[in-house]
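Visitor: Based on what follows, work out the 3D shape:
(one chain, ligands or ions: 4)
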Amino acid sequence: MATDLVGRFSGPADLHAHSNHSDGTESPARVVQQMHSYGVRTMALTDHDRTSGWREAAEQASQLGMTFIPGMELSAAHGWRSVHVLAYLFDPDDPALATECHKIRDDRWGRAERIVGRISHDYDLSWDDVVAQARDGATIGRPHIADALIARRIVQNRGEAFDGILHPRQGYYEPHYAPDPLRAVQLISDAGGVAIIAHPVTAGRDRMMPLEYYEQLIEAGLAGVEIDHRENTAEGKKLLRALAAEHDLIVTGSSDYHGSGKPNRPGENLTSNPMVQRIIDRATGSSVVYPDGSSG
Ligand code: AMP
Ligand code: FE
Ligand code: FE
Ligand code: ZN
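Guide: Ligands and ions are numbered 1, 2, ... in the order given. Purely as a prediction, here's the structure:
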(Lines give C-alpha, C1' and ligand atoms only; values in the text may rest on other atoms or scores of the structure.)
(Ligands and ions follow the chains in the order given, each with its own letter.)
Protein backbone atom coordinates (compact mmCIF):
# COMPACT_ATOMS: atom_id res chain seq x y z
CA MET A 1 0.00 0.00 0.00
CA ALA A 2 1.27 3.48 -0.81
CA THR A 3 2.48 5.49 2.14
CA ASP A 4 1.74 9.13 1.53
CA LEU A 5 3.17 11.47 4.10
CA VAL A 6 1.26 14.49 5.31
CA GLY A 7 3.00 16.19 8.18
CA ARG A 8 4.60 13.55 10.39
CA PHE A 9 2.11 10.73 10.23
CA SER A 10 1.53 8.15 7.56
CA GLY A 11 -1.71 6.79 6.12
CA PRO A 12 -3.89 4.70 5.70
CA ALA A 13 -5.79 5.83 8.80
CA ASP A 14 -8.50 3.95 10.73
CA LEU A 15 -9.61 5.97 13.74
CA HIS A 16 -12.18 3.78 15.52
CA ALA A 17 -11.43 0.45 17.24
CA HIS A 18 -12.21 -1.36 20.48
CA SER A 19 -10.13 -3.61 22.72
CA ASN A 20 -11.07 -5.78 25.67
CA HIS A 21 -10.83 -2.68 27.86
CA SER A 22 -14.40 -2.23 26.60
CA ASP A 23 -16.36 -4.55 24.30
CA GLY A 24 -13.69 -5.63 21.82
CA THR A 25 -12.44 -9.21 22.12
CA GLU A 26 -8.69 -8.56 21.86
CA SER A 27 -6.02 -6.85 23.96
CA PRO A 28 -4.97 -3.33 22.89
CA ALA A 29 -1.66 -4.69 21.55
CA ARG A 30 -3.46 -7.33 19.51
CA VAL A 31 -5.84 -4.73 18.05
CA VAL A 32 -2.82 -2.72 16.90
CA GLN A 33 -1.22 -5.83 15.37
CA GLN A 34 -4.44 -6.61 13.51
CA MET A 35 -4.67 -3.05 12.20
CA HIS A 36 -1.08 -3.32 10.98
CA SER A 37 -1.66 -6.66 9.27
CA TYR A 38 -4.59 -5.16 7.36
CA GLY A 39 -2.38 -2.31 6.11
CA VAL A 40 -3.46 0.44 8.50
CA ARG A 41 -0.59 2.76 9.47
CA THR A 42 -2.34 5.43 11.54
CA MET A 43 -4.85 4.27 14.11
CA ALA A 44 -6.85 5.29 17.14
CA LEU A 45 -7.99 3.11 20.01
CA THR A 46 -11.48 4.28 21.00
CA ASP A 47 -12.74 2.09 23.81
CA HIS A 48 -16.12 3.01 25.25
CA ASP A 49 -15.82 5.48 28.13
CA ARG A 50 -12.24 4.64 29.11
CA THR A 51 -8.62 5.32 28.22
CA SER A 52 -6.80 2.52 30.07
CA GLY A 53 -5.73 0.82 26.83
CA TRP A 54 -3.79 3.78 25.45
CA ARG A 55 -0.36 2.95 26.88
CA GLU A 56 -0.24 -0.67 25.68
CA ALA A 57 -1.57 0.30 22.25
CA ALA A 58 0.87 3.20 21.85
CA GLU A 59 3.83 0.98 22.72
CA GLN A 60 2.78 -1.68 20.20
CA ALA A 61 2.14 0.96 17.54
CA SER A 62 5.63 2.40 18.01
CA GLN A 63 7.18 -1.05 17.71
CA LEU A 64 5.36 -1.54 14.41
CA GLY A 65 6.23 1.92 13.07
CA MET A 66 2.63 3.14 13.20
CA THR A 67 1.15 6.46 14.25
CA PHE A 68 -1.08 6.22 17.32
CA ILE A 69 -3.87 8.67 18.11
CA PRO A 70 -5.38 8.29 21.59
CA GLY A 71 -9.16 8.22 21.53
CA MET A 72 -12.37 7.15 23.22
CA GLU A 73 -16.02 6.60 22.28
CA LEU A 74 -18.04 8.51 24.87
CA SER A 75 -21.57 7.29 25.53
CA ALA A 76 -24.29 9.91 25.28
CA ALA A 77 -28.08 9.90 25.03
CA HIS A 78 -30.44 12.17 23.14
CA GLY A 79 -33.82 11.19 24.58
CA TRP A 80 -34.31 7.53 23.63
CA ARG A 81 -31.44 7.67 21.14
CA SER A 82 -28.12 6.20 22.19
CA VAL A 83 -25.48 8.51 20.70
CA HIS A 84 -21.76 7.76 20.57
CA VAL A 85 -19.27 10.61 20.47
CA LEU A 86 -15.73 9.84 19.34
CA ALA A 87 -13.16 11.87 21.23
CA TYR A 88 -9.56 12.30 20.10
CA LEU A 89 -6.45 13.73 21.74
CA PHE A 90 -8.16 15.00 24.90
CA ASP A 91 -6.54 15.18 28.33
CA PRO A 92 -7.37 11.83 29.99
CA ASP A 93 -6.90 13.45 33.41
CA ASP A 94 -9.37 16.27 32.83
CA PRO A 95 -11.43 16.06 36.05
CA ALA A 96 -14.86 16.80 34.56
CA LEU A 97 -14.53 14.33 31.70
CA ALA A 98 -12.89 11.64 33.85
CA THR A 99 -15.65 11.97 36.44
CA GLU A 100 -18.34 11.65 33.79
CA CYS A 101 -16.69 8.53 32.31
CA HIS A 102 -16.52 7.02 35.77
CA LYS A 103 -20.21 7.72 36.34
CA ILE A 104 -21.17 6.10 33.01
CA ARG A 105 -19.01 3.02 33.63
CA ASP A 106 -20.42 2.62 37.14
CA ASP A 107 -24.00 2.82 35.96
CA ARG A 108 -23.27 0.35 33.16
CA TRP A 109 -22.47 -2.34 35.76
CA GLY A 110 -25.74 -1.99 37.70
CA ARG A 111 -27.70 -1.77 34.48
CA ALA A 112 -26.08 -4.89 33.02
CA GLU A 113 -26.79 -6.80 36.24
CA ARG A 114 -30.46 -5.77 36.11
CA ILE A 115 -30.75 -6.80 32.44
CA VAL A 116 -29.20 -10.17 33.29
CA GLY A 117 -31.56 -10.54 36.25
CA ARG A 118 -34.54 -10.25 33.90
CA ILE A 119 -33.02 -12.59 31.32
CA SER A 120 -32.30 -15.17 34.03
CA HIS A 121 -36.04 -15.58 34.66
CA ASP A 122 -36.37 -17.05 31.17
CA TYR A 123 -32.92 -18.44 30.33
CA ASP A 124 -30.16 -20.32 32.12
CA LEU A 125 -27.85 -17.33 32.53
CA SER A 126 -26.26 -15.94 35.69
CA TRP A 127 -24.52 -12.66 36.49
CA ASP A 128 -21.31 -14.65 37.13
CA ASP A 129 -21.48 -15.96 33.54
CA VAL A 130 -21.43 -12.37 32.31
CA VAL A 131 -18.70 -11.16 34.65
CA ALA A 132 -16.57 -14.08 33.41
CA GLN A 133 -16.75 -12.61 29.88
CA ALA A 134 -15.46 -9.17 30.83
CA ARG A 135 -11.81 -8.42 31.41
CA ASP A 136 -11.20 -7.00 34.91
CA GLY A 137 -12.18 -3.35 34.85
CA ALA A 138 -13.61 -3.39 31.34
CA THR A 139 -16.41 -1.01 30.41
CA ILE A 140 -19.25 -3.53 30.54
CA GLY A 141 -22.05 -3.63 28.00
CA ARG A 142 -24.55 -5.79 26.23
CA PRO A 143 -21.76 -7.40 24.15
CA HIS A 144 -20.52 -9.14 27.32
CA ILE A 145 -24.03 -10.41 28.01
CA ALA A 146 -24.08 -11.64 24.41
CA ASP A 147 -20.78 -13.47 24.96
CA ALA A 148 -22.21 -15.17 28.05
CA LEU A 149 -25.29 -16.22 26.05
CA ILE A 150 -22.92 -17.68 23.45
CA ALA A 151 -20.94 -19.53 26.14
CA ARG A 152 -24.25 -20.95 27.41
CA ARG A 153 -25.11 -21.98 23.82
CA ILE A 154 -28.30 -19.93 23.94
CA VAL A 155 -27.23 -17.98 20.84
CA GLN A 156 -24.51 -18.52 18.22
CA ASN A 157 -23.00 -15.02 18.00
CA ARG A 158 -23.33 -11.43 19.19
CA GLY A 159 -25.44 -10.46 16.20
CA GLU A 160 -28.05 -13.08 17.03
CA ALA A 161 -28.12 -11.90 20.67
CA PHE A 162 -28.62 -8.26 19.63
CA ASP A 163 -31.37 -9.16 17.15
CA GLY A 164 -33.13 -11.24 19.81
CA ILE A 165 -32.75 -11.28 23.59
CA LEU A 166 -30.79 -8.01 23.84
CA HIS A 167 -33.10 -6.03 21.56
CA PRO A 168 -35.13 -3.40 23.47
CA ARG A 169 -38.41 -4.82 22.18
CA GLN A 170 -37.77 -8.14 23.98
CA GLY A 171 -38.41 -6.52 27.36
CA TYR A 172 -35.12 -7.27 29.10
CA TYR A 173 -33.40 -4.07 28.03
CA GLU A 174 -32.86 -0.86 29.91
CA PRO A 175 -30.61 2.07 29.02
CA HIS A 176 -27.61 3.16 31.12
CA TYR A 177 -26.85 6.65 32.36
CA ALA A 178 -25.24 8.89 29.76
CA PRO A 179 -24.89 12.66 29.37
CA ASP A 180 -26.76 14.38 26.57
CA PRO A 181 -24.70 14.90 23.40
CA LEU A 182 -24.37 18.64 23.99
CA ARG A 183 -22.71 18.04 27.34
CA ALA A 184 -20.58 15.22 25.89
CA VAL A 185 -19.26 17.53 23.16
CA GLN A 186 -18.60 20.30 25.68
CA LEU A 187 -16.73 17.96 28.04
CA ILE A 188 -14.52 16.65 25.24
CA SER A 189 -13.83 20.13 23.86
CA ASP A 190 -13.07 21.52 27.32
CA ALA A 191 -10.58 18.66 27.82
CA GLY A 192 -8.72 19.81 24.69
CA GLY A 193 -10.15 17.01 22.56
CA VAL A 194 -11.80 16.75 19.17
CA ALA A 195 -15.43 15.56 19.22
CA ILE A 196 -16.84 13.61 16.28
CA ILE A 197 -20.26 11.94 16.20
CA ALA A 198 -19.81 8.19 15.59
CA HIS A 199 -22.01 6.37 13.04
CA PRO A 200 -24.65 9.15 13.11
CA VAL A 201 -27.25 7.51 10.83
CA THR A 202 -27.38 3.81 11.53
CA ALA A 203 -31.00 3.04 10.71
CA GLY A 204 -32.41 5.66 8.43
CA ARG A 205 -33.12 9.32 8.81
CA ASP A 206 -35.57 8.99 11.66
CA ARG A 207 -32.77 7.74 13.86
CA MET A 208 -30.51 10.69 13.16
CA MET A 209 -30.53 13.52 15.68
CA PRO A 210 -32.46 16.50 14.25
CA LEU A 211 -30.39 18.82 12.06
CA GLU A 212 -31.26 21.76 14.33
CA TYR A 213 -29.65 19.87 17.20
CA TYR A 214 -26.52 19.38 15.10
CA GLU A 215 -26.34 23.16 14.75
CA GLN A 216 -26.29 23.41 18.55
CA LEU A 217 -23.62 20.72 18.79
CA ILE A 218 -21.45 22.53 16.26
CA GLU A 219 -21.93 25.73 18.23
CA ALA A 220 -20.74 23.82 21.34
CA GLY A 221 -17.59 22.61 19.61
CA LEU A 222 -18.54 19.53 17.58
CA ALA A 223 -15.70 19.08 15.09
CA GLY A 224 -16.97 16.42 12.75
CA VAL A 225 -18.99 13.38 11.74
CA GLU A 226 -18.02 9.79 11.00
CA ILE A 227 -19.52 9.21 7.56
CA ASP A 228 -17.80 6.16 6.10
CA HIS A 229 -18.95 3.53 8.58
CA ARG A 230 -20.65 0.29 7.56
CA GLU A 231 -23.72 1.00 9.68
CA ASN A 232 -24.52 4.43 8.20
CA THR A 233 -27.27 4.23 5.60
CA ALA A 234 -26.66 5.47 2.03
CA GLU A 235 -29.32 8.14 2.42
CA GLY A 236 -27.88 9.18 5.78
CA LYS A 237 -24.40 9.55 4.31
CA LYS A 238 -25.77 12.00 1.72
CA LEU A 239 -27.40 14.08 4.45
CA LEU A 240 -24.20 14.06 6.48
CA ARG A 241 -22.06 15.12 3.51
CA ALA A 242 -24.33 18.10 2.96
CA LEU A 243 -24.17 18.99 6.65
CA ALA A 244 -20.38 18.62 6.67
CA ALA A 245 -20.00 20.81 3.58
CA GLU A 246 -22.27 23.49 4.99
CA HIS A 247 -20.36 23.72 8.29
CA ASP A 248 -16.88 22.72 7.08
CA LEU A 249 -16.88 19.73 9.43
CA ILE A 250 -14.15 17.13 9.71
CA VAL A 251 -15.28 13.94 7.97
CA THR A 252 -13.95 10.54 9.01
CA GLY A 253 -14.26 6.92 7.94
CA SER A 254 -13.42 3.92 10.08
CA SER A 255 -13.96 0.26 10.76
CA ASP A 256 -15.23 0.26 14.36
CA TYR A 257 -13.23 -2.96 14.77
CA HIS A 258 -14.31 -5.12 17.77
CA GLY A 259 -12.09 -8.18 17.18
CA SER A 260 -14.26 -11.25 16.67
CA GLY A 261 -17.24 -9.44 18.25
CA LYS A 262 -18.33 -7.92 14.94
CA PRO A 263 -17.68 -8.70 11.26
CA ASN A 264 -16.00 -5.28 10.81
CA ARG A 265 -12.39 -5.64 9.55
CA PRO A 266 -9.54 -3.15 10.19
CA GLY A 267 -9.22 -0.56 7.45
CA GLU A 268 -12.54 -1.39 5.77
CA ASN A 269 -13.19 2.37 5.90
CA LEU A 270 -10.47 4.99 6.12
CA THR A 271 -10.00 8.66 7.03
CA SER A 272 -8.12 10.83 4.53
CA ASN A 273 -4.76 12.24 5.58
CA PRO A 274 -5.89 15.89 5.36
CA MET A 275 -8.76 15.07 7.74
CA VAL A 276 -6.38 13.32 10.16
CA GLN A 277 -4.22 16.44 10.06
CA ARG A 278 -7.22 18.62 10.89
CA ILE A 279 -7.94 16.49 13.96
CA ILE A 280 -4.31 16.77 15.08
CA ASP A 281 -4.19 20.53 14.46
CA ARG A 282 -7.37 21.15 16.42
CA ALA A 283 -6.47 19.14 19.54
CA THR A 284 -4.67 20.47 22.60
CA GLY A 285 -5.33 17.81 25.25
CA SER A 286 -2.84 15.00 24.57
CA SER A 287 -0.19 13.92 22.07
CA VAL A 288 0.00 11.83 18.93
CA VAL A 289 2.64 9.08 19.09
CA TYR A 290 4.56 9.10 15.80
CA PRO A 291 6.31 6.15 14.09
CA ASP A 292 9.75 7.27 15.29
CA GLY A 293 8.46 7.10 18.86
CA SER A 294 8.32 10.86 19.26
CA SER A 295 5.12 12.48 20.41
CA GLY A 296 3.61 15.87 19.80
P1 AMP B 1 -24.53 -1.14 25.20
O2 AMP B 1 -23.60 0.04 25.17
O3 AMP B 1 -24.30 -1.98 26.39
O4 AMP B 1 -25.97 -0.76 25.04
O5 AMP B 1 -24.17 -2.04 23.94
C6 AMP B 1 -23.97 -1.42 22.69
C7 AMP B 1 -22.72 -1.98 22.04
O8 AMP B 1 -23.03 -3.22 21.48
C9 AMP B 1 -22.16 -1.10 20.93
O10 AMP B 1 -21.01 -0.44 21.35
C11 AMP B 1 -21.83 -2.05 19.83
O12 AMP B 1 -20.43 -2.17 19.66
C13 AMP B 1 -22.36 -3.39 20.25
N14 AMP B 1 -23.34 -3.92 19.27
C15 AMP B 1 -24.49 -3.36 18.90
N16 AMP B 1 -25.14 -4.12 17.99
C17 AMP B 1 -24.32 -5.20 17.79
C18 AMP B 1 -24.42 -6.36 16.95
N19 AMP B 1 -25.49 -6.57 16.15
N20 AMP B 1 -23.39 -7.24 16.99
C21 AMP B 1 -22.33 -7.04 17.79
N22 AMP B 1 -22.20 -5.97 18.59
C23 AMP B 1 -23.18 -5.07 18.60
FE1 FE C 1 -18.94 -1.30 20.99
FE1 FE D 1 -20.47 3.09 18.65
ZN1 ZN E 1 -17.38 1.86 18.41
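Visitor: Distance from the chain centre to the longest strand seen in the chain, please.
Guide: What stands out as the longest strand in the chain, according to DSSP state E, is strand 67-78. With Cα atoms, centre = their mean, to the nearest Å as the basis, strand 67-78 stands 5 Å off its chain's centre.
Visitor: go on, stretch 263-279?
Guide: For stretch 263-279, the distance to the chain centre is 13 Å (Cα atoms, centre = their mean).
Visitor: now stretch 103-119
Guide: Distance of stretch 103-119 from its chain centroid, counting by Cα atoms, centre = their mean, is 19 Å.
Visitor: quick one: contacts of it?
Guide: By Cβ atoms under 8 Å, 6 or more residues apart in numbering, the residues outside stretch 103-119 that reach it are 49-50, 74-75, 125-127, 130, 139-142, 144-145, 148, 165-166, 171-179. Where you see a C-beta, it was placed from the backbone N, CA and C, and this is true even at glycine.
Visitor: Is the residue of the stretch 1-150 of the chain found nearest ligand 3 bridged to anything, and to what?
Guide: The stretch 1-150 of the chain approaches ligand 3 most closely through H84 (3.7 Å), counting by Cβ to the ion. Under DSSP bridges, the beta-bridge partners of H84 are S75.
Visitor: other SSEs contacting the longest strand of the chain?
Guide: On a contact count with 3 or more Cβ pairs under 8 Å, 6 or more residues apart in numbering; DSSP states H and E, strand 67-78 meets strand 42-45, helix 54-63, strand 81-88, helix 95-122, helix 181-190, helix 273-282.
Visitor: Now the fifth one: average pLDDT?
Guide: Okay, so that is helix 181-190. Across helix 181-190, pLDDT averages out at 98.
Visitor: Number the residues from 429 up from this point.
Guide: From this message on, residue numbering opens at 429, which makes the last subject helix 609-618.
Visitor: Now do that helix against helix 523-550, angle only.
Guide: 140 degrees (axes from the mean of the first three to the mean of the last three Cα atoms, to 10 degrees).
Visitor: And for S554, the neighbour number?
Guide: If you count neighbours by other Cβ atoms under 10 Å, S554 ends up with 14.
Visitor: Now do the same for it: its pLDDT.
Guide: 98.
Visitor: And for the closest residue in space to it that isn't next to it in sequence, the neighbour number?
Guide: Closest residue to S554 apart from its sequence neighbours, by Cβ to Cβ, 6 or more residues apart in numbering: S548 at 6.3 Å. Residues lying near S548 (other Cβ under 10 Å) number 15.
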